[in-house]
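Novice: Sequence first, predicted coordinates after that:
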Amino acid sequence: MNGKERIVKLLKKEAVDRVPWVPFAGVHAGKLKGYTAKEVLQDKDKLVESLLEVKKIYQPDGMPVVFDLQIEAEILGCELLWADDNPPSVSSHPLVETKEIPCKCLIPSKKDGRIPMILEAMAEAKEKIGDDTALYGLITGPFTLASHLRGQDFFMDMLDDPEYAKNLLAYSTEVAKAMCDHFIEAGMDVIGVVCPLVSQISPMHFEEFLHDVYKELFDYIRAKGSLSAFFVCGNAAPNIEPMCKTNPDSISVDENVNLPEAKKITDKYDIVIGGNIPLTTVMLYGTQQDNMKYVIDLLDAVSHERLIIAPGCDMPYDLPIENSVAVHQAVCHTDEARLVLDSYTASEEEDIEVELPDYDNLDKALIEVFTLNSISCAACGYMMGAANDAKKHFGDSIDVIEHRYTEKESIARCKAMGVTILPSIYINGKLEHQSIIPCRTELFEEIEKAIESVAK
Amino acid sequence: MTDIYLITGFLGAGKTTLMKNLLSVFNRDKTAVIVNEFGQEGVDGAVLEKEGMIIEEIVDGSIFCVCRADKFIDTIIKTEKLDVDYLIVESSGLADPFGMQEVMGVVNKLAPNKFHYSGSICVVDTKNFKRIYSLAPAAKQQVLGADLIFINKTDIANPAEIKEVEEILQSLNIHAPIIKTSYSKIPDAEQIYALKWHQPDMKGHLLKKTIGISKCTLKFDPVPIEQLTSWLKTWAGKAYRVKGFCEQHYLQAVQDDVNVSDFNDEKKENFLVVLAPSGDTLKEEIKNSWKAEFTASIQIIF
């Protein structure tokens, strides 16, 4: 069963072989190839190149093509403030001074704004990785879009002028349906309706303002033969049941929601739930061990049916690549990740002595590759592959050794050498590469220098 | 050492006005401001700078900040190089102050002992609170997580409305003092200087403080300023920062460097706010040395 089959079957409520992994690498995808957020959100080639890298390094079962909730808003007249390490922010709201409903002629067509670039990227991603990866087309939820257009006054409209609020939501729903049409036609397997603001209103107001809107949208997606996901962030716990009643195929939550508790509700409605690795404390600032532990603890706390493991929301641009690698390992090779954590704990308790080579007086250049496991971890496999390629080229002039983190001795060695990030390549005891796989030329040049330095 | 103040409150409650009033309270200090929302009335930087204060207005984030703590953390860390005394964060109307626990955990990891979080001040619009409270969970969270609450716009509400709002607030939050005011006016600067984060959990219970910096307030009867300055020099080096007033003097100590300036306000206040490493040693020293030096009474409020 490949990743796409796994996600599609799961969302159709059929049995799957394991819990799928869906990294929400929006602008973070750009980091993998050295592109800024702005570049991947405006340049089709850079976006596709970054998506292919996500596929290669993180081995996802499903992944979004673009994670930007400002696409529709920009077309409808919101000004955007661009950043290099974040999706753009809306800096002006066209309806802030006027209670109008925008003209239907402004509903985004395939030719408007950044949509042509995105549709091209979707088509190319579909062709290159779509056979075995479920591609998510993300659209802005009507409530969030209405707030983009009207500003935060939209909250007061819900109290002071509910009729206007409902009319603006109805308009935003038409926009959302148009986006669904474009993205489904471009071959997206799942339409993710992303609405962070859902967590910001009470269940009573959800019922009054949002139930019909989202029900209509998910019915529409289903009628078109596609699958749906309802993304929310913030403390949406009180709204999980109201969200279920709108009948999406899946719901995605962040760390503000207790996932095991929420899953009791989604299970009752037979809806898939995804989440909820904490973005900041764990994924951005935690260690690889923290990430593996969070995933394993989560997997141990809930039943594995109707479950997706994913970050809580769009991954921060600067998220350490190795942390995502660790999550993939914990989701897809859980037993091995347990072994890593157990060995790590044991190495803390036992005082294992390791003898490090005398790096200043080596007989030949030494390439050490520190991995989680080069067989099961894709990123580690590529790193090891690069070293093995060098071995083939340089033959007996170099030694290549893999230290797998599943072994206590390797962990002790990592500690002794100060290795904190896996996979890494050390040449003659010196860190040369971590997380990002070196290109052949670069690595070979470094090795040549290492051989020369040993000869001296 | 930068002391962080968070202003919360729903849309139109009076957050921006309170921020301006807070800037007036801190007008002897270098203060930075983070505005976490677009399209709102800005700080009148030119006017405030004339009063000798440096304002850094950082417009950051969007209405989605609920899920982007990392951006907020980055912005706080960036203020380190500004070397300011105070950082006022005017949060988005939808912000949840309970997120500050996680934010400060990471901030202290990235910049140990550089930032102290004094707590959140929640501004409530008397007229609209009940309706907003039913709509937006954030309004309730902001009250639950507040360390000081301003019931604002009391000039346009009747006593029954004010009482009703006050009762709701008291039922939600037992520890935060409530100030009834209009135009977000601050009647007593001491309550601002002495603001202290209570770190309640989601049920409002107090949790053990985990951060290695604590704040206490010394309230005392007037003493000669020269004597007070000498006394301060004997222990101020052990604190991160000491600030406050003695009659018509403003005192500020960073390490052993104690500065005194005139404070021409009609109101005579006598208090010092101390930011120091957690633990009782310094507090004991302050208490004992005061008794040895002065006959005037002192009260140490933790």
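Specialist: Arrived safely, thanks for sending. Numbering: from 1, shown residues only, chains lettered A, B, ... in the order given.

Novice: Show the contacting residues for residue A:155.
Specialist: Residues near residue A:155 by Cβ atoms under 8 Å, 6 or more residues apart in numbering or on different chains: A:147, A:200, A:201, B:10, B:11, B:93, B:132, B:135, B:136. From N, CA and C alone the C-beta is placed, and that goes for glycine too.

Novice: ok, 10 Å please
Specialist: A:147, A:165, A:197, A:200-201, A:205, B:10-12, B:63, B:93-94, B:132, B:135-136, B:138-139 (Cβ atoms under 10 Å, 6 or more residues apart in numbering or on different chains).

Novice: Keep only those of those that are in helices.
Specialist: A:147, A:165, A:205, B:132, B:135, B:138, B:139 (DSSP state H).

Novice: In ChimeraX, how would I select the buried members of those?
Specialist: Selection of buried members from the ones in helices among the contacts of residue A:155 for ChimeraX, criterion 16 or more other Cβ atoms under 10 Å in any protein chain shown:
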select /A:147,165,205 /B:132,135,138,139
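
Novice: Residue A:320: which of the ones in helices among the contacts of residue A:155 is nearest?
Specialist: Nearest to residue A:320 among the ones in helices among the contacts of residue A:155: residue B:138, at 30.8 Å, using Cβ to Cβ.

Novice: from the ones in helices among the contacts of residue A:155, which single one is nearest residue A:46?
Specialist: Out of the ones in helices among the contacts of residue A:155, the member with the shortest distance to residue A:46 (by Cβ to Cβ) is residue A:147, at 29.6 Å.

Novice: pretty sure the closest one is touching residue A:197, no?
Specialist: Yes - judged on Cβ atoms under 10 Å, residue A:147 makes contact with residue A:197 at a distance of 5.8 Å.

Novice: Near residue A:22, how many other residues are there?
Specialist: When counting by other Cβ atoms under 10 Å in any protein chain shown, one arrives at 28 neighbours for residue A:22.

Novice: ranges for the strands of the stretch 51-200 of chain A?
Specialist: Using DSSP state E, counting those that start in this stretch, the strands of the stretch 51-200 of chain A run over A:62-64, A:79-81, A:89-92, A:134-140, A:190-194.

Novice: Which parts of the chain belong to which domain?
Specialist: By default, I'm working from chain A. What automatic domain parsing lists as the domains of chain A is A:3-332, A:359-455.

Novice: if you could check chain B rather than the one you did, that'd help
Specialist: Taken from automatic domain parsing, chain B resolves into B:2-193, B:213-301.

Novice: Does the helix or strand hosting residue B:4 reach chain A?
Specialist: Element membership of residue B:4, judged by DSSP states H and E, is strand B:2-9. No - between strand B:2-9 and chain A, judged by Cβ under 10 Å from any Cβ of the partner chain, nothing touches; the nearest distance is 12.1 Å.

Novice: so can I have TSV of the ones in helices among the contacts of residue A:155 showing pLDDT and distance to residue B:2?
Specialist: Formatted as TSV, those follow (pLDDT from 0 to 100; distance: Cβ to Cβ, whole Å):
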residue	pLDDT	distance to residue B:2
A:147	91	32
A:165	97	40
A:205	94	38
B:132	88	31
B:135	88	34
B:138	87	26
B:139	90	28
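
Novice: just curious, which of the ones in helices among the contacts of residue A:155 is nearest to residue A:356?
Specialist: The closest of these, once distances to residue A:356 are taken by Cβ to Cβ, is residue B:138, at 53.7 Å.

Novice: OK, contacts around that closest one?
Specialist: Residue B:138 sits next to A:155, A:199-201, A:234-235, B:8-10, B:66, B:91-97, B:132 when contact means Cβ under 10 Å, 6+ apart.

Novice: Try it again at 8 Å.
Specialist: Counted by Cβ under 8 Å, 6+ apart, residue B:138 has contacts A:200, B:10, B:93, B:94, B:95, B:96.
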